[in-house]
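Enquirer: Need coordinates for the following:
(chains A and B)
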There are 2 protein chains.
Amino acid sequence: MAQKPSIPKGTRDFGQQEMAERNYIFDTVRSVFVSHGYAQIETPSMENLSTLLGKYGDEGDKLLFRILNSGDAFAQVDFDKPLTAQVCEKGLRYDLTVPFARYVVQHQNEISFPFKRFQIQPVWRADRPQKGRYREFYQCDVDAIGSRSQLCELELVQMIDEVFGKLGLNVVVKINNRKVLTGLAEICGAADKVVDITVAIDKLDKVGLDAVKAEMLEKGLSAEAVAKLEPVLLLQGDNAGKLSKMRTLMEGSPAGLAGLDELEELFGLIGDAGVGVECELDLSLARGLNYYTGAIFEVKSLDWEIGSISGGGRYDNLTGIFGLPDMSGVGISFGADRIYDVLKGLDKFPKGLESSARILFANMGRNETAYLFPVVSALRAGGVSAEIYPDNCKLKKQFDYAERKGIPFLSITGGDEMAAGTIQVKDLASGEQKVFSKEDVRGIISFISE
Amino acid sequence: MAQKPSIPKGTRDFGQQEMAERNYIFDTVRSVFVSHGYAQIETPSMENLSTLLGKYGDEGDKLLFRILNSGDAFAQVDFDKPLTAQVCEKGLRYDLTVPFARYVVQHQNEISFPFKRFQIQPVWRADRPQKGRYREFYQCDVDAIGSRSQLCELELVQMIDEVFGKLGLNVVVKINNRKVLTGLAEICGAADKVVDITVAIDKLDKVGLDAVKAEMLEKGLSAEAVAKLEPVLLLQGDNAGKLSKMRTLMEGSPAGLAGLDELEELFGLIGDAGVGVECELDLSLARGLNYYTGAIFEVKSLDWEIGSISGGGRYDNLTGIFGLPDMSGVGISFGADRIYDVLKGLDKFPKGLESSARILFANMGRNETAYLFPVVSALRAGGVSAEIYPDNCKLKKQFDYAERKGIPFLSITGGDEMAAGTIQVKDLASGEQKVFSKEDVRGIISFISE
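Expert: Numbering: from 1, shown residues only, chains lettered A, B, ... in the order given. This is a model prediction of the structure:
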């Protein structure tokens, strides 16, 4: 019985052109990671739910895809108790960070610290699918764990600079420090309201000063506290200027001053290293507040309106949940799907990311094909992608195939060429046609290579 | 609360060395596929269960990993009916073939046929985990669909030849044809017993002639039928000789003769194309009997005892289950995990598949580090992987890090070198030490590159 085929909502097929473009992003990211001495690991798609639950908040727990236990999952079930926990022990990974923390703890005796790893794998979230949000998507994470040196933060900024430089995208790196956010709450006597304050400040660009102040009051901050925070909201100028003004404001908050020290050191390193990308101190940046403890990063495209395309920060306690304390790390995640959307939107994918062969040899019959075998094999051995059309059908059909697939060169080599010991090759774009001796594989390669 | 971290049974973490080795296999396979004009696609990890169920037999259905519906899966459930079907609509893909068939049907209007695609992705099976059998493993599939030409079969054999040639493994390609198996059943008047006959023949090497004959009798074949099959079991000699003897035996079976015609054509093409790998007609080969309709392939390592490391065949009806009839295709799957085991077992992985940087710059302090920045950036831009140790700690510790990670060169550049404008570099294996002007990045690259 024929079924109309479809795929689950929120998931995608990637065709050949899209794969070539996606691989271009992955290859770029990977080459930068490798040039900095980061090496790849992979973790299983499924983790024990005990590893995943409670790490992403209540909302995250709900968005985990759970896998039904194999065998008869309902055989031993107590129907008077909640069923989900009884029939599912495993879930699909929700991000790459928690599995990485689990990996570090589990393999701590095999790892050389500081441990510099990257990981490019899909993650799954049972989010409501919508434009630009998928239930299966790739993350490209790079982390250094086991050092508190801010050279690690610098390296992340350098890698952001290099990745987006290679991709030809103009971006800004927004930088903040979690300790400064703690300091803000401390100086206005509301240490328990870090989240409320940050959430409010985060909306400054969108809703304006008065609305932010109103939200803070509504969340229970005193008028005096809000007045203390107002200079932060009005902060203008370059990074050095902002840092210097913040120092005055932060007097009396050891956490805040420590955060400013870290920021100052990092901006100093960024300057000394000659990082090209624009780096901007943004005191309203607060992503991932749950586990970040130091630097916080976010990357935005300057030419295409879309959320952050990369982000991360330093976390001092990530592996603590799995029993390994005092293991500080810092990392960022590159959002492949959003970077794809930006490159597509700005038409910035390089031309020639074709996934097709360079040359198609038309099929003129059994003997003609046998005549071609050594030439085609030599081309492939020489690094050129080459096809022989499988069927001896009308030339029009074979030509159409080359055109639809974007194969730039076509060889129609028949009886005359065989008699002469030659190979004919045509450039389909220019119409230029050349004839080579069948031994002159180098000549053919040079003609059909870009 | 600290949890002792672990991963689900049958799944694996891949560390940095293992990833480098696995990527070597994937890159080799990919480069061969691309050189023949095959292009990559990816399909979602989860498919609708309606796509997967019934495609792998009853046993396969049981081995599917099912995903619990998101939200409250049990809210609308009728507890008087079987629960699994009510609470799970999606499953993890079991192989790459059925999703590929679904893809071809779903995207038939965007595809240029013949469609040459490859796909390298993990699959999941709830098999009982055991040595060499995992619940998550990668498949590398390559298929051409939309042509009945045996040039497609030839191309698969060429790709097998090239992949294992590049990997440095001695293999034999065993080749059979499903129509010949049909023919065997026909000539002994037991057309309904193809599977029984094939299963019995398949054991010939292990159990010997008498046991195979006994099994056939036990399965209900007549003594006369078994006598007719005996010459097939005793078949010896080269491929041409076997084919010629089979022609006599197959008289009266149109299917069998058609299969022999196909085999003869294919072996002719293999000869004309000068394929290097040993190809052997093996009439007992019957893998994937369910959907193969023509050629059947299996690759075995000659130097390492393990099941087949690659296999496939032609299927005329694969997309028919999704409503697209008459779409013949042929493909093979490379088993990355088994190929890994063979390369590991024979110690055939190339040396220098290191995942580490080429050079570590020791951290001698803040100013020394800043002095290194332009050199390190230039090395990376020149394609060399380079690290600066993040912490200014004892040199012994930094040296140990380089050694444990297998970083072959170490630079200890301090105040003296800064004053002289130089960079010191040491080859940790030979002990050779050189000093370069800090502008001489080319010199450094040439010294530290292999």
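
Enquirer: So what's the gap between stretch A:38-52 and the chain middle?
Expert: Using Cα atoms, centre = their mean, to the nearest Å, the distance from the centre of stretch A:38-52 to the centre of the chain it belongs to is 17 Å.

Enquirer: Pull out the buried positions in it.
Expert: A:38-49, A:51-52 (16 or more other Cβ atoms under 10 Å in any protein chain shown). No exception for glycine: its C-beta is placed from N, CA and C like everyone else's.

Enquirer: Over to stretch A:436-444?
Expert: A:436, A:438, A:441, A:444.

Enquirer: Could you list which of these belong to strands?
Expert: Judged by DSSP state E, the buried residues of stretch A:436-444 include residue A:436 as members of strands.

Enquirer: could the buried residues of stretch A:436-444 go into TSV alongside distance to residue B:113?
Expert: Shown next, in TSV, are the buried residues of stretch A:436-444 (distance: Cβ to Cβ, whole Å):
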residue	distance to residue B:113
A:436	30
A:438	30
A:441	29
A:444	27
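
Enquirer: hmm, back to that, would you list the buried residues of stretch A:38-52 in CSV and tack on pLDDT and secondary structure?
Expert: Formatted as CSV, those follow (pLDDT from 0 to 100; DSSP: H, G, I helix; E, B strand; the rest coil):
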residue, pLDDT, secondary structure
A:38, 96, coil
A:39, 92, strand
A:40, 95, strand
A:41, 97, coil
A:42, 98, strand
A:43, 98, coil
A:44, 98, coil
A:45, 98, coil
A:46, 98, strand
A:47, 98, strand
A:48, 97, strand
A:49, 97, helix
A:51, 95, helix
A:52, 95, helix
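
Enquirer: Pull out whichever of those are also neighbours of chain B.
Expert: Among the buried residues of stretch A:38-52, proximity to chain B is found for A:39-48, A:51 (Cβ under 8 Å from any Cβ of the partner chain).

Enquirer: To which secondary structure element is residue A:307 assigned?
Expert: Assessed by DSSP states H and E, residue A:307 sits outside every helix and strand.

Enquirer: low-scoring pLDDT stretches of the stretch 1-150 of chain A, where are they?
Expert: A:1-3 (pLDDT under 70).

Enquirer: Show me the strands in it, by range?
Expert: A:39-40, A:46-48, A:66-68, A:88-92, A:115-124, A:136-145 (DSSP state E, counting those that start in this stretch).

Enquirer: Quick check: the closest residue to residue A:308 other than its chain neighbours vs chain B, distance?
Expert: Distances taken as Cβ to Cβ, 6 or more residues apart in numbering or on different chains put residue A:298 closest to residue A:308, at 4.5 Å, once the chain neighbours are dropped. Distance, residue A:298 to chain B, using Cβ to the nearest Cβ, to the nearest Å: 22 Å.

Enquirer: Ignoring the adjacent residues along the chain, who's closest to residue A:85?
Expert: In this structure, residue A:85 finds its nearest non-sequential neighbour in residue A:49, 8.0 Å apart by Cβ to Cβ, 6+ apart.

Enquirer: Contacts only, for that neighbour.
Expert: Residues near residue A:49 by Cβ atoms under 8 Å, 6 or more residues apart in numbering or on different chains: A:64, A:66, A:85, A:88-91.

Enquirer: Tell me if stretch A:427-441 is near chain B.
Expert: No - Stretch A:427-441 is not in contact with chain B by Cβ under 8 Å from any Cβ; minimum separation 13.8 Å.

Enquirer: quick one: contacts of that stretch?
Expert: Residues outside stretch A:427-441 that contact it (Cβ under 8 Å, 6+ apart): A:371, A:374-375, A:378-379, A:382, A:402-403, A:407-410, A:417, A:421-426, A:443-444, A:447-448.

Enquirer: So how do I select the buried members of the residues you listed in PyMOL?
Expert: Here is the PyMOL command that selects the buried residues among the contacts of stretch A:427-441 (16+ other Cβ under 10 Å):
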select buried, chain A and resi 371+375+378+379+402+407+408+409+410+417+422+423+424+425+426+444+448
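
Enquirer: which of the contacts of stretch A:427-441 are close to chain B?
Expert: A:374, A:407.

Enquirer: from the contacts of stretch A:427-441, which ones fall inside helices?
Expert: A:371, A:374-375, A:378-379, A:402-403, A:417, A:443-444, A:447-448 (DSSP state H).

Enquirer: Identify all contacting residues around the strand or helix carrying the residue nearest to residue A:308.
Expert: Per DSSP H and E, residue A:298 falls inside strand A:295-301. Applying Cβ under 8 Å, 6+ apart, the external contacts of strand A:295-301 come out as A:150, A:153, A:156-157, A:160, A:164, A:169-178, A:262-263, A:266, A:282, A:285-288, A:307-314, A:330, A:332, A:342.

Enquirer: Tell me which of those fall in strands.
Expert: A:171-177, A:310-314, A:330, A:332.

Enquirer: Tell me the one of those residues nearest chain B?
Expert: residue A:330 (9.9 Å; Cβ to the nearest Cβ).

Enquirer: What average pLDDT does stretch A:328-341 get?
Expert: Per-residue pLDDT over stretch A:328-341 has a mean of 95.

Enquirer: Check whether it comes into contact with chain B.
Expert: No - with Cβ under 8 Å from any Cβ as the measure, stretch A:328-341 is seen stopping short of chain B, the closest distance being 9.9 Å.

Enquirer: Just the terminal-to-terminal distance for that stretch.
Expert: The straight-line separation of the ends of stretch A:328-341 (Cα to Cα, to the nearest Å) is 33 Å.

Enquirer: Same check on stretch A:313-330?
Expert: Per Cα to Cα, stretch A:313-330 runs 5 Å from first to last residue.

Enquirer: what does stretch A:67-85 rub up against?
Expert: Contacts of stretch A:67-85 (Cβ under 8 Å, 6+ apart): A:46, A:49, A:66, A:86-92, B:62-63, B:65-68, B:73-74, B:79, B:83-84, B:87-88, B:92, B:126.
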